[in-house]
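Engineer: Here is my input; please provide its structure:
(one chain, ligands or ions: 1)
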Amino acid sequence: MALSEYKKDGRELRIFENADELSCNFAEYIAELSEVSIKERGVFAIALSGGSLVKLMGKLSEAPYNKTVDWAKWYIFWADERVVAKSHADSNYKLVKDGFLSKVPIIHSHMHSINDSVTAEQAAEDYEFVIRQLVKTRVISVSEINDCPKFDLILLGMGPDGHVASLFPNHPAFSEKEQWVTFITDSPKAPPERITFTLPVINSAANVAVVATGANKAEAAHVAIDSAGADYPALPAKMVRPINGELVWFLDIAAASKIEGANFSA
Ligand SMILES: O=C(O)[C@H](O)[C@@H](O)[C@H](O)[C@H](O)COP(=O)(O)O
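Structural biologist: Numbers count the residues shown, from 1 in each chain. The predicted structure follows:
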(Lines give C-alpha, C1' and ligand atoms only; values in the text may rest on other atoms or scores of the structure.)
Protein backbone atom coordinates (compact mmCIF):
# COMPACT_ATOMS: atom_id res chain seq x y z
CA MET A 1 0.00 0.00 0.00
CA ALA A 2 1.21 3.51 -0.78
CA LEU A 3 2.22 5.69 2.17
CA SER A 4 0.88 8.58 0.26
CA GLU A 5 -1.11 8.81 -2.96
CA TYR A 6 -2.31 12.10 -4.38
CA LYS A 7 -2.69 14.21 -7.51
CA LYS A 8 -0.37 17.05 -8.26
CA ASP A 9 -0.81 19.16 -11.35
CA GLY A 10 -2.60 16.40 -13.27
CA ARG A 11 -0.08 13.71 -12.32
CA GLU A 12 -0.76 10.98 -9.82
CA LEU A 13 2.00 10.49 -7.26
CA ARG A 14 2.32 7.19 -5.41
CA ILE A 15 4.95 7.18 -2.69
CA PHE A 16 6.02 3.95 -0.95
CA GLU A 17 7.94 3.09 2.16
CA ASN A 18 10.35 0.90 0.19
CA ALA A 19 10.97 -0.78 -3.15
CA ASP A 20 9.13 -3.92 -2.10
CA GLU A 21 5.88 -2.04 -1.36
CA LEU A 22 6.32 -0.14 -4.60
CA SER A 23 6.76 -3.29 -6.64
CA CYS A 24 3.52 -4.84 -5.25
CA ASN A 25 1.51 -1.81 -6.31
CA PHE A 26 3.37 -1.49 -9.60
CA ALA A 27 2.50 -5.08 -10.55
CA GLU A 28 -1.17 -4.47 -9.67
CA TYR A 29 -1.20 -1.26 -11.73
CA ILE A 30 0.22 -2.97 -14.82
CA ALA A 31 -2.12 -5.96 -14.46
CA GLU A 32 -5.16 -3.68 -14.18
CA LEU A 33 -4.21 -1.68 -17.25
CA SER A 34 -3.62 -4.90 -19.17
CA GLU A 35 -7.10 -6.10 -18.25
CA VAL A 36 -8.77 -2.84 -19.29
CA SER A 37 -6.90 -2.67 -22.56
CA ILE A 38 -7.57 -6.31 -23.48
CA LYS A 39 -11.26 -5.80 -22.67
CA GLU A 40 -11.43 -2.66 -24.82
CA ARG A 41 -9.06 -3.47 -27.68
CA GLY A 42 -8.32 -7.17 -27.46
CA VAL A 43 -4.57 -6.54 -27.00
CA PHE A 44 -2.13 -4.77 -24.67
CA ALA A 45 0.75 -2.84 -26.24
CA ILE A 46 3.33 -2.04 -23.58
CA ALA A 47 6.72 -0.37 -24.00
CA LEU A 48 9.48 -0.84 -21.43
CA SER A 49 12.73 0.91 -20.65
CA GLY A 50 15.82 -0.46 -18.98
CA GLY A 51 17.29 0.08 -15.55
CA SER A 52 15.89 -0.75 -12.14
CA LEU A 53 12.26 -0.69 -13.21
CA VAL A 54 12.60 -4.14 -14.74
CA LYS A 55 13.38 -5.64 -11.33
CA LEU A 56 10.52 -3.62 -9.84
CA MET A 57 8.16 -5.36 -12.30
CA GLY A 58 9.22 -8.73 -10.87
CA LYS A 59 6.01 -9.43 -8.93
CA LEU A 60 4.06 -9.44 -12.17
CA SER A 61 5.60 -12.78 -13.07
CA GLU A 62 4.47 -14.29 -9.76
CA ALA A 63 1.09 -15.40 -8.36
CA PRO A 64 -1.63 -14.33 -8.90
CA TYR A 65 -0.63 -12.40 -12.04
CA ASN A 66 1.24 -15.28 -13.71
CA LYS A 67 -2.17 -17.00 -13.94
CA THR A 68 -4.63 -14.11 -14.20
CA VAL A 69 -2.98 -11.90 -16.84
CA ASP A 70 -3.86 -12.76 -20.44
CA TRP A 71 -0.22 -12.93 -21.57
CA ALA A 72 -1.07 -14.10 -25.09
CA LYS A 73 -2.57 -10.66 -25.77
CA TRP A 74 0.56 -8.78 -24.74
CA TYR A 75 2.78 -7.04 -27.31
CA ILE A 76 6.12 -5.85 -25.96
CA PHE A 77 8.17 -2.90 -27.20
CA TRP A 78 11.20 -1.05 -25.93
CA ALA A 79 10.83 2.70 -25.29
CA ASP A 80 14.60 2.79 -25.52
CA GLU A 81 17.30 0.32 -26.27
CA ARG A 82 21.07 0.23 -26.28
CA VAL A 83 22.42 -0.66 -29.73
CA VAL A 84 24.32 -3.79 -28.73
CA ALA A 85 23.77 -7.46 -29.48
CA LYS A 86 20.70 -8.93 -27.79
CA SER A 87 22.97 -11.29 -25.88
CA HIS A 88 25.11 -8.42 -24.54
CA ALA A 89 24.96 -7.60 -20.82
CA ASP A 90 23.99 -4.00 -21.71
CA SER A 91 20.97 -4.99 -23.81
CA ASN A 92 17.60 -3.85 -22.45
CA TYR A 93 16.04 -6.74 -24.36
CA LYS A 94 18.24 -9.16 -22.44
CA LEU A 95 17.47 -7.42 -19.16
CA VAL A 96 13.71 -7.67 -19.72
CA LYS A 97 13.94 -11.18 -21.19
CA ASP A 98 15.98 -12.57 -18.29
CA GLY A 99 14.16 -10.67 -15.57
CA PHE A 100 10.59 -10.95 -16.76
CA LEU A 101 9.70 -12.21 -20.23
CA SER A 102 11.28 -15.62 -19.72
CA LYS A 103 8.99 -16.18 -16.72
CA VAL A 104 5.62 -15.53 -18.36
CA PRO A 105 4.02 -17.09 -21.46
CA ILE A 106 4.30 -14.16 -23.84
CA ILE A 107 4.20 -15.16 -27.50
CA HIS A 108 7.70 -14.82 -28.92
CA SER A 109 6.56 -13.03 -32.10
CA HIS A 110 4.85 -10.40 -29.92
CA MET A 111 8.21 -9.25 -28.53
CA HIS A 112 9.34 -6.44 -30.77
CA SER A 113 13.00 -5.85 -30.07
CA ILE A 114 15.30 -3.72 -32.24
CA ASN A 115 17.44 -4.89 -35.12
CA ASP A 116 20.79 -5.23 -33.35
CA SER A 117 22.89 -5.88 -36.43
CA VAL A 118 22.79 -2.38 -37.96
CA THR A 119 23.87 1.14 -36.99
CA ALA A 120 21.94 3.11 -34.38
CA GLU A 121 20.47 5.31 -37.12
CA GLN A 122 19.26 2.30 -39.11
CA ALA A 123 17.99 0.56 -35.99
CA ALA A 124 15.86 3.61 -35.13
CA GLU A 125 14.51 3.76 -38.68
CA ASP A 126 13.74 0.03 -38.70
CA TYR A 127 12.03 0.21 -35.33
CA GLU A 128 9.82 3.09 -36.41
CA PHE A 129 8.87 1.06 -39.50
CA VAL A 130 7.87 -1.90 -37.30
CA ILE A 131 5.75 0.38 -35.13
CA ARG A 132 4.09 1.95 -38.21
CA GLN A 133 3.12 -1.52 -39.47
CA LEU A 134 1.61 -2.42 -36.10
CA VAL A 135 -0.31 0.86 -35.97
CA LYS A 136 -1.81 -0.04 -39.37
CA THR A 137 -3.00 -3.38 -38.04
CA ARG A 138 -4.19 -1.73 -34.81
CA VAL A 139 -1.98 -3.80 -32.53
CA ILE A 140 -0.97 -0.32 -31.38
CA SER A 141 -3.76 2.22 -31.51
CA VAL A 142 -3.38 5.71 -32.85
CA SER A 143 -3.66 8.99 -31.00
CA GLU A 144 -6.90 10.96 -31.49
CA ILE A 145 -4.84 14.16 -31.37
CA ASN A 146 -1.91 13.58 -33.70
CA ASP A 147 -0.85 10.69 -35.90
CA CYS A 148 1.40 9.21 -33.21
CA PRO A 149 1.09 5.65 -31.93
CA LYS A 150 -0.90 5.42 -28.72
CA PHE A 151 0.74 2.73 -26.60
CA ASP A 152 -1.51 1.34 -23.90
CA LEU A 153 1.32 1.79 -21.41
CA ILE A 154 4.85 3.16 -21.50
CA LEU A 155 7.08 2.42 -18.51
CA LEU A 156 9.96 4.80 -17.87
CA GLY A 157 12.75 4.85 -15.34
CA MET A 158 14.41 8.17 -14.53
CA GLY A 159 18.12 8.86 -14.21
CA PRO A 160 19.59 11.14 -11.53
CA ASP A 161 19.99 13.78 -14.28
CA GLY A 162 16.26 13.57 -15.06
CA HIS A 163 16.61 11.60 -18.31
CA VAL A 164 13.84 9.25 -19.33
CA ALA A 165 14.14 6.53 -21.99
CA SER A 166 17.28 7.74 -23.82
CA LEU A 167 16.19 11.39 -23.88
CA PHE A 168 18.89 13.27 -21.99
CA PRO A 169 18.85 16.91 -20.84
CA ASN A 170 20.19 19.33 -23.45
CA HIS A 171 20.53 16.62 -26.07
CA PRO A 172 19.00 17.33 -29.50
CA ALA A 173 17.12 14.00 -29.45
CA PHE A 174 15.05 15.44 -26.62
CA SER A 175 13.63 18.09 -29.01
CA GLU A 176 12.87 15.70 -31.88
CA LYS A 177 9.28 16.29 -32.99
CA GLU A 178 8.95 14.55 -36.36
CA GLN A 179 10.30 11.04 -35.83
CA TRP A 180 8.65 8.47 -33.60
CA VAL A 181 11.95 6.76 -32.87
CA THR A 182 15.31 8.51 -32.95
CA PHE A 183 18.90 7.55 -32.19
CA ILE A 184 21.88 8.88 -30.29
CA THR A 185 25.53 7.94 -30.51
CA ASP A 186 26.82 10.00 -27.59
CA SER A 187 24.71 8.96 -24.61
CA PRO A 188 26.02 10.45 -21.35
CA LYS A 189 25.06 7.11 -19.77
CA ALA A 190 26.95 4.16 -21.23
CA PRO A 191 26.67 2.56 -23.67
CA PRO A 192 26.75 5.52 -26.09
CA GLU A 193 24.64 4.18 -28.97
CA ARG A 194 20.94 3.99 -28.34
CA ILE A 195 17.55 4.30 -29.95
CA THR A 196 14.68 5.96 -28.15
CA PHE A 197 11.01 6.86 -28.46
CA THR A 198 10.68 10.59 -28.90
CA LEU A 199 8.74 12.85 -26.55
CA PRO A 200 5.68 13.11 -28.87
CA VAL A 201 5.33 9.31 -28.80
CA ILE A 202 5.75 9.13 -25.02
CA ASN A 203 3.19 11.89 -24.55
CA SER A 204 0.68 10.23 -26.90
CA ALA A 205 0.43 7.08 -24.77
CA ALA A 206 -2.79 6.18 -22.98
CA ASN A 207 -0.79 5.59 -19.80
CA VAL A 208 2.72 6.47 -18.74
CA ALA A 209 4.43 5.44 -15.51
CA VAL A 210 7.67 6.99 -14.29
CA VAL A 211 9.45 4.93 -11.65
CA ALA A 212 12.18 6.35 -9.43
CA THR A 213 13.75 4.93 -6.30
CA GLY A 214 16.73 6.04 -4.22
CA ALA A 215 18.02 9.30 -2.84
CA ASN A 216 20.08 10.03 -5.96
CA LYS A 217 16.78 10.61 -7.83
CA ALA A 218 15.36 13.07 -5.24
CA GLU A 219 16.58 16.29 -6.84
CA ALA A 220 15.45 15.32 -10.34
CA ALA A 221 12.05 14.19 -9.00
CA HIS A 222 11.66 17.53 -7.24
CA VAL A 223 12.58 19.50 -10.36
CA ALA A 224 10.32 17.37 -12.54
CA ILE A 225 7.30 17.51 -10.26
CA ASP A 226 7.40 20.82 -8.41
CA SER A 227 6.50 24.07 -10.09
CA ALA A 228 9.72 25.60 -8.75
CA GLY A 229 11.38 23.39 -11.32
CA ALA A 230 10.10 25.68 -14.07
CA ASP A 231 13.24 27.76 -13.61
CA TYR A 232 15.48 24.83 -14.43
CA PRO A 233 16.57 24.04 -17.97
CA ALA A 234 14.08 21.64 -19.53
CA LEU A 235 14.32 18.28 -17.89
CA PRO A 236 13.08 15.27 -19.89
CA ALA A 237 11.22 13.81 -16.88
CA LYS A 238 9.42 17.12 -16.41
CA MET A 239 8.27 17.08 -20.04
CA VAL A 240 6.54 13.72 -19.66
CA ARG A 241 2.94 14.96 -19.74
CA PRO A 242 0.61 12.68 -21.74
CA ILE A 243 -1.70 14.87 -23.86
CA ASN A 244 -4.67 12.59 -23.61
CA GLY A 245 -3.55 9.95 -21.14
CA GLU A 246 -2.79 9.27 -17.50
CA LEU A 247 0.56 9.76 -15.81
CA VAL A 248 1.53 8.00 -12.58
CA TRP A 249 4.81 8.50 -10.73
CA PHE A 250 5.95 5.59 -8.54
CA LEU A 251 8.48 6.75 -5.95
CA ASP A 252 10.01 5.46 -2.77
CA ILE A 253 10.46 7.79 0.21
CA ALA A 254 14.07 8.52 -0.66
CA ALA A 255 13.28 9.59 -4.22
CA ALA A 256 10.27 11.62 -3.05
CA SER A 257 12.10 13.29 -0.17
CA LYS A 258 12.45 16.68 -1.89
CA ILE A 259 8.98 16.91 -3.42
CA GLU A 260 7.16 19.88 -1.98
CA GLY A 261 4.12 18.92 0.05
CA ALA A 262 4.81 15.18 -0.14
CA ASN A 263 2.99 13.78 2.85
CA PHE A 264 4.40 10.51 4.13
CA SER A 265 2.29 10.25 7.26
CA ALA A 266 -0.92 9.32 5.43
O1 LIG B 1 18.44 1.90 -20.90
C2 LIG B 1 18.46 2.79 -20.07
O3 LIG B 1 19.51 3.22 -19.60
C4 LIG B 1 17.16 3.32 -19.63
O5 LIG B 1 16.05 3.00 -20.29
C6 LIG B 1 17.13 4.56 -18.79
O7 LIG B 1 16.22 5.54 -19.17
C8 LIG B 1 16.83 4.08 -17.37
O9 LIG B 1 15.49 3.68 -17.26
C10 LIG B 1 17.14 5.17 -16.40
O11 LIG B 1 18.49 5.52 -16.55
C12 LIG B 1 16.91 4.76 -14.97
O13 LIG B 1 17.72 3.68 -14.66
P14 LIG B 1 17.83 3.19 -13.15
O15 LIG B 1 16.43 2.99 -12.67
O16 LIG B 1 18.61 1.93 -13.21
O17 LIG B 1 18.52 4.29 -12.41
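Engineer: Would you mind measuring from Gln179 to the ligand?
Structural biologist: 18 Å (Cβ to the nearest ligand atom, to the nearest Å). No exception for glycine: its C-beta is placed from N, CA and C like everyone else's.
Engineer: quick one: that residue from Thr198, how far?
Structural biologist: 6 Å (Cβ to Cβ, to the nearest Å).
Engineer: now swap in Lys97 and tell me
Structural biologist: Lys97 is 25 Å from Thr198, by Cβ to Cβ.
Engineer: Tell me which residues touch Ala237, please.
Structural biologist: 156, 158, 162-164, 210, 220-221, 223-224 (Cβ atoms under 8 Å, 6 or more residues apart in numbering).
Engineer: when you check the ligand, which of those turn up near it?
Structural biologist: 158, 163-164 (Cβ under 6 Å from any ligand atom).
Engineer: returning to what we had before: which among the contacts of Ala237 end up buried?
Structural biologist: 156, 158, 162-164, 210, 220-221, 223-224 (16 or more other Cβ atoms under 10 Å).
Engineer: Near the residue lying closest to Leu48 once chain neighbours are set aside, how many other residues are there?
Structural biologist: The shortest distance from Leu48 to any non-neighbouring residue, by Cβ to Cβ, 6 or more residues apart in numbering, is to Leu155 (5.1 Å). For Leu155, the neighbour count with other Cβ atoms under 10 Å is 25.
Engineer: just Ile46 next, same as before
Structural biologist: With other Cβ under 10 Å as criterion, Ile46 counts 21.
Engineer: Please apply the same query to the one 4 residues further on.
Structural biologist: The local packing count at Gly50 equals 23, with neighbours defined by other Cβ under 10 Å.
Engineer: just to revisit the earlier point, pipe the buried ones among the contacts of Ala237 into JSON lines and attach pLDDT, distance to Lys136 and secondary structure per row.
Structural biologist: Converted to JSON lines, these look like this (pLDDT from 0 to 100; distance: Cβ to Cβ, whole Å; DSSP: H, G, I helix; E, B strand; the rest coil):
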{"residue": "Leu156", "pLDDT": "98", "distance to Lys136": "26", "secondary structure": "strand"}
{"residue": "Met158", "pLDDT": "98", "distance to Lys136": "32", "secondary structure": "coil"}
{"residue": "Gly162", "pLDDT": "96", "distance to Lys136": "34", "secondary structure": "coil"}
{"residue": "His163", "pLDDT": "97", "distance to Lys136": "31", "secondary structure": "coil"}
{"residue": "Val164", "pLDDT": "98", "distance to Lys136": "27", "secondary structure": "strand"}
{"residue": "Val210", "pLDDT": "98", "distance to Lys136": "29", "secondary structure": "strand"}
{"residue": "Ala220", "pLDDT": "95", "distance to Lys136": "37", "secondary structure": "helix"}
{"residue": "Ala221", "pLDDT": "96", "distance to Lys136": "38", "secondary structure": "helix"}
{"residue": "Val223", "pLDDT": "92", "distance to Lys136": "39", "secondary structure": "helix"}
{"residue": "Ala224", "pLDDT": "94", "distance to Lys136": "34", "secondary structure": "helix"}
